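K.L.:
Sequence below, structure please.
(one chain, ligands or ions: 1)
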Amino acid sequence: MMSQDLFERTRALFDLPEGVIYLDGNSLGAMPKAARERVRRELDESWGRELIRAWNTAGWIDMPSRIGDRIGELIGAPSGSVMAADSTSVNLYKALNAALRLAGPRKTILSDSGNFPTDLYIAEGVVATLDRGHALKVVAPEEAADAMDETVAVLMLTEVDYRTGRLHDMAALTAKAKALGIVTIWDLAHSAGALPVDLTGAGADFAVGCGYKYLNGGPGAPAFIYVRPGLQDEVTPVLSGWMGHAAPFEFDLHYRPAPAMHRLRAGTPAVLSMSALEAALTVWDGVEMSAVRARSITLSEAFIRTVEQLCPELELASPRDPERRGSQVSFRYPHGYEVMQALIAEGIIGDFRAPDIVRFGFTPLYLRLAEVEAAAGRLAAIVDQRLWDRAEFRARNKVT
Ligand SMILES: Cc1ncc(COP(=O)(O)O)c(C=O)c1O
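P.N.:
Residues are numbered from 1 along each chain as shown. Here you go, the predicted model:
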């Protein structure tokens, strides 16, 4: 199928509000119609009619692994290596605890200053609660490769920088880490569903990521965790909850980890959110990630070109080379917050990241080229004509 026809087909699978150009699928993906139908059905038929029986009859109990397998297909992970569960922060906590244990006596967690704050905060929490002399070392993103040596226990990076969209070379960094005996954890929050990811090919040890961004699973959707197949039975779960027990319904007094990835489950899955995510993942049926990537580059290049032609005042904060960028584009502007509010008031939705970044996500599954060009034109006009300079655009919302 020609790329344009393919993406007109996938766009029709989404319920998009009239008059809105949505450039924030990197924060919260748009709603697939199938997700709404599925949640309604889970409420009306499964919960409403089947009640507790639905754990078996509607397959609720297997949702985390079933959904994990579907996500795995999008990130180069084999069946049985991904579990949908909890939030990205919680999964990172599980992965980092397990990774540090596997890393033996080494004490350094290496990360970079482009990482999302929750990743660094979780690492600080793990260091504090383990209280065994671990330390978090944060370097500039371009220094991560050179900062690896035999003292590093774990390399913990986010592949796509949430602010600038800068893309790390996951294969090269993982290969170097492996050669030095460093355990790797990749945060794929801005990668899964945005660009081709090959966890198996890269040889990554752990990965985590969000269900609510490019996977369109809905607000607060379950996240996912990946563990390399050869490592799964070596993982000692830090959250040794009953759902990750070898036999949850035998109600033993002591914990025995379930085989392989099942031990990465902790408590009861959030079934309604899981069902939205599971249905949302059907929009990927018949879609090649390479086609999504090619289209994403076309869209982001057109956006940059139009903005720069019309408004040189906006400074590109993202890498200019599309091969070094994820599926988002950011510009710096001192009144970025107000600019974004002015855009949103016109129905063009992106977001703002402090201190001065206006950020736009490109989601080929439901975004058209004409919309991208129109958004670029309005952004340029708002900056050029200072249309942002109004009191109402200065009031800060809790979520930016
Ligand atoms: C790289 C990255 N990791 C993690 C998160 C969020 O984690 P959680 O879903 O636990 O809030 C985000 C949110 O934007 C993110 O960008």
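K.L.:
which stretches of the stretch 301-400 of the chain form strands?
P.N.:
In the stretch 301-400 of the chain, strands defined by DSSP state E, counting those that start in this stretch lie at 315-316, 328-332, 348-349, 351-353, 357-361, listed in chain order.
K.L.:
and if you look at the stretch 151-300 of the chain?
P.N.:
Counting by DSSP E, counting those that start in this stretch, the stretch 151-300 of the chain has strands at residues 152-158, 183-187, 206-209, 223-227.
K.L.:
would you turn those into TSV with mean pLDDT and mean neighbour count?
P.N.:
From N, CA and C alone the C-beta is placed, and that goes for glycine too. Converted to TSV, those look like this (pLDDT from 0 to 100; neighbours: other Cβ atoms under 10 Å):
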stretch	mean pLDDT	mean neighbour count
strand 152-158	98	25
strand 183-187	98	27
strand 206-209	98	29
strand 223-227	99	30
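K.L.:
and the protein, which of its residues are near the ligand?
P.N.:
When proximity is defined by Cβ under 6 Å from any ligand atom, the chain lies next to the ligand at 87-89, 116, 118-119, 158, 162, 187, 189-190, 210, 223.
K.L.:
try 5 Å this time
P.N.:
Taking Cβ under 5 Å from any ligand atom, the part of the chain that reaches the ligand is made up of S87, T88, S89, F116, T118, T158, Y162, D187, A189.
K.L.:
I'd like to know how many residues surround the fourth one.
P.N.:
A count of neighbours around F116, defined by other Cβ atoms under 10 Å, yields 20.
K.L.:
That one contacts V160, correct?
P.N.:
No: counting by Cβ atoms under 8 Å, V160 is not a contact partner of F116; they are 9.9 Å apart.
K.L.:
Sketch out the low-pLDDT regions of this structure for me.
P.N.:
Regions of the chain meeting the criterion pLDDT under 70 cover residues 1-2.
K.L.:
Kindly list the longest helix within it.
P.N.:
Of all the segments assigned as helix in the chain under DSSP state H, the longest by residue count is helix 289-310.
K.L.:
And that helix, what does it pack against?
P.N.:
For helix 289-310, the helices and strands in contact under the criterion 3 or more Cβ pairs under 8 Å, 6 or more residues apart in numbering; DSSP states H and E are helix 3-11, strand 328-332, helix 369-384.
K.L.:
if we go to 10 Å?
P.N.:
Helix 289-310 makes packing contacts with helix 3-11, helix 63-74, strand 315-316, strand 328-332, strand 357-361, helix 369-384 when contacts are defined by 3 or more Cβ pairs under 10 Å, 6 or more residues apart in numbering; DSSP states H and E.
K.L.:
tilt between it and helix 3-11?
P.N.:
100 degrees (axes from the mean of the first three to the mean of the last three Cα atoms, to 10 degrees).
K.L.:
D86 contacts G68, doesn't it?
P.N.:
No: D86 sits out of contact with G68 when judged by Cβ atoms under 10 Å, with a separation of 11.9 Å.
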